[in-house]
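Engineer: The sequence and its predicted three-dimensional model are supplied below.
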Amino acid sequence: MVLAEMIKILRRELIYFWYYFTIQTEQIIWYWIFGMALGSLISVFGKEKIHALFVKMQNTKIGIFGIVPASLLGIASPLCMYGTIPIAASFSEKGMAEEWIAAFVMSSILLNPQLIFYSAALGIPALVIRITVCFLLGITSGICVRLFFRNKPFFKFAEFENMANRDTDPNPFIRYIKNFGRNIKATWLYFLIGIILSVLFQRYVPQDLFAGLFLNNRGFGVLMAAAIGVPLYACGGGTIPLLQAWLQSGMTLGSASAFMITGQALKITNLGAVKIVLGIKHFIIFLLFTIIFAVLSGLAIDLIFNFNVVDNNILNTL
């Protein structure tokens with residue numbers, strides 16, 4: 001009797017799991033596929049143009065204001081952390097200002113075209129906030145390097161110079177297919193894990209509890225989101241299903257933003273490379289700077305959107 005009841009419960013839970021899994025996959029999978037297709041397209045056919053444009057900026061006289069296009073070009077770059085650093089090393093060899101490199105590297109770590117496409121699944125407000133905050137964090141990084149490290153080097157690129165480019169096939173179509181295949185290979189497992197975690201969350205975590213945790217304790221919610229971003233964040237696209245479920249359950253946009261910043265910038269796969277490039281002292285500065293910016297920007301976002309809600313309620317009563 002007990003075994004039969006356990007089998008019945010297990011069967012019921014598997015049906016629920018498959019139901020939520022199917023719905024979640026249908027909602028997100030096309031963003032994942034098209035995001036990878038777009039990222040591979042830019043990587044194969046537009047990467048060199050983006051980097052050439054960045055180098056061309058060096059001949060201009062825009063000074064500190066170069067951090068603005070540098071941050072934008074970092075967002076446009078489709079490379080991962082281990083692809084961004086060798087490019088940044090080549091920029092450094094050419095004598096590019098370190099504040100420009102800082103803005104480029106930080107923005108490139110935080111965001112890329114395919115991740116922008118993924119993030120559209122979270123809704124327009126979350127997408128706009130993610131792009132804006134990443135852009136501002138890139139600019140702020142450049143300003144800080146300019147102010148505090150103007151007369152001394154901030155980066156140590158020696159170990160990452162002259163790393164091989166894997167997009168070398170003479171046939172552009174074959175290059176694209178290979179790049180797209182590498183993207184699938186690198187992200188499919190994290191995408192699947194993200195879907196599974198999202199399903200488990202929706203099934204077993206009470207929405208009222210989660211909403212109360214983030215919505216009624218906004219300051220604490222932002223701090224907690226920034227803290228859990230580091231251990232939970234393995235792949236940008238893989239966390240989108242989980243974030244989608246969290247936002248639907250009451251997570252604020254500020255908490256989501258803090259999670260995306262600390263998770264993407266401080267994920268375990270990035271930290272080793274960052275430590276080598278920065279050295280231990282600058283690495284600690286990087287950690288503190290990223291966490292502080294994530295928390296403050298998350299609090300500011302919640303404050304702004306809270307005021308917008310209040311203003312809308314007032315207008316509706318007039």
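Structural biologist: Received the coordinates, thanks.
Engineer: need the contact list for the closest residue to residue 149 other than its chain neighbours.
Structural biologist: Nearest residue to residue 149, sequence neighbours excluded (C-beta to C-beta, 6 or more residues apart in numbering): residue 98, at 6.8 Å. Glycine gets a C-beta too; all of them are placed from N, C-alpha and C. Residue 98 is in contact with 92, 145-146, 149, 153-155, counting by C-beta atoms under 8 Å, 6 or more residues apart in numbering.
Engineer: Of these, grab the buried ones for PyMOL.
Structural biologist: Here is the PyMOL command that picks out the buried ones among the contacts of residue 98, judged by 16 or more other C-beta atoms under 10 Å:
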select buried, resi 92+145+146+149+154+155
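Engineer: Max pairwise distance over the contacts of residue 98: which two?
Structural biologist: Greatest spacing in those, by C-beta to C-beta: 92 and 146 (15.2 Å).
Engineer: just the helices in the stretch 51-200 of the chain please.
Structural biologist: Counting by DSSP state H, counting those that start in this stretch, residue ranges of the helices within the stretch 51-200 of the chain are 67-76, 81-93, 98-110, 113-119, 124-148, 172-204.
Engineer: which residues make contact with the fourth one from outside it?
Structural biologist: What it means is helix 113-119. Contacts of helix 113-119 (C-beta under 8 Å, 6+ apart): 31-32, 34-36, 38-40, 42, 75-76, 78, 126-127, 130-131, 183, 236-237, 240, 264.
Engineer: And those, which of them are buried?
Structural biologist: Buried among those (16+ other C-beta under 10 Å): 31-32, 35-36, 38-40, 42, 75-76, 78, 126-127, 130-131, 183, 236-237, 240, 264.
Engineer: circling back: most packed of the helices of the stretch 51-200 of the chain?
Structural biologist: Ranked by mean neighbour count, the helices of the stretch 51-200 of the chain are led by helix 98-110 with a mean of 27 (mean count of other C-beta atoms under 10 Å).
Engineer: and the angle from that helix to helix 124-148?
Structural biologist: Here helix 98-110 points in a direction 150 degrees away from that of helix 124-148 (axes from the mean of the first three to the mean of the last three C-alpha atoms, to 10 degrees).
Engineer: I'd like the mean pLDDT over helix 98-110, please.
Structural biologist: Averaged over helix 98-110, pLDDT sits at 90.
Engineer: Pull the distance from the host helix or strand of residue 272 to the chain's centre.
Structural biologist: Element membership for residue 272 (DSSP states H and E) is helix 268-317. Centroid separation for helix 268-317 versus its chain: 12 Å, with C-alpha atoms, centre = their mean, to the nearest Å.
Engineer: Now do that helix: which elements does it pack against?
Structural biologist: Helices and strands touching helix 268-317, as assessed by 3 or more C-beta pairs under 8 Å, 6 or more residues apart in numbering; DSSP states H and E, comprise helix 81-93, helix 124-148, helix 218-232, helix 253-266.
Engineer: List the contacts of residue 289.
Structural biologist: Contacts of residue 289 (C-beta under 8 Å, 6+ apart): 141, 144.
Engineer: Report pLDDT for it.
Structural biologist: Reported pLDDT for residue 289: 94.
Engineer: Check residue 163 too.
Structural biologist: pLDDT, read off for residue 163, is 53.
Engineer: try residue 143
Structural biologist: Per the predicted model, pLDDT is 94 at residue 143.
Engineer: got it, and residue 310?
Structural biologist: At residue 310, pLDDT is 41.
Engineer: can you check the one 4 residues further on too?
Structural biologist: According to the predicted model, the pLDDT of residue 314 comes to 39.
Engineer: Same question for residue 273.
Structural biologist: Taking residue 273 on its own, its pLDDT is 75.
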